[in-house]
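Enquirer: fold the following, please.
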Amino acid sequence: MGRYYEGDISGKLWSLQDSDDAIFFGGEINPPSTISFYFTKKDLPKIKKGLAKCKKEMGENLPILNDYFKTDICYDFLELEHRLALNEDEVKHLLVWYSRYTLGLKILKCVKENGSCWFECDV
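Expert: Below you'll find the model as predicted:
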């Protein structure tokens with residue numbers, strides 16, 4: 001069973017991604033059964049700072065992950081371990097950051113194009 005987010009942006013959270021991952025970019029939780037996030041242009045510095053931190057954490061692995069996910073929407077740990085020359089725990093760590101990074105890119109694009117970005121996420 002997947003956890004989805006819907007609103008100005010939509011998608012499915014990765015299995016290793018927390019439902020409240022958008023807090024990383026300055027979002028605030030609005031309970032009860034879903035988490036609502038709202039971003040405006042005033043949040044752009046926080047969003048950009050979060051993306052920069054994601055990039056730094058992934059380092060030289062970011063282009064490899066970008067290339068891998070251009071064609072694969074699902075991932076195979078063994079394949080990624082081989083491509084990245086990392087062990088399973090290291091790959092999981094990178095995927096947490098990569099999933100966060102892709103969410104941040106969607107938030108950034110939405111705010112830039114629309115002036116704001118709202119979405120809800122299943123808890």
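Enquirer: and residue 39, helix, strand or coil?
Expert: Under DSSP: H, G, I helix; E, B strand; the rest coil, the three-state class of residue 39 is strand.
Enquirer: does the nearest residue to it once chain neighbours are set aside count as helix, strand or coil?
Expert: Counting by CB to CB, 6 or more residues apart in numbering, residue 39 lies nearest to residue 117, which is 4.4 Å off, once chain neighbours are set aside. Where you see a C-beta, it was placed from the backbone N, CA and C, and this is true even at glycine. Using three-state DSSP, the structure places residue 117 in strand.
Enquirer: so residue 117 is in contact with residue 42, correct?
Expert: No: applying CB atoms under 8 Å, one finds residue 117 not in contact with residue 42, separated by 12.0 Å.
Enquirer: these two: which has the busier surroundings?
Expert: Neighbour count, other CB atoms under 10 Å: between residue 117 and residue 42, residue 117 has more, with 26 against 10.
Enquirer: quick one: pLDDT of the more buried one?
Expert: Turning to residue 117, the model gives it a pLDDT of 96.
Enquirer: what sits against it?
Expert: Residues in contact with residue 117 (CB atoms under 8 Å, 6 or more residues apart in numbering) are 7, 8, 9, 37, 38, 39, 40, 107, 110, 111.
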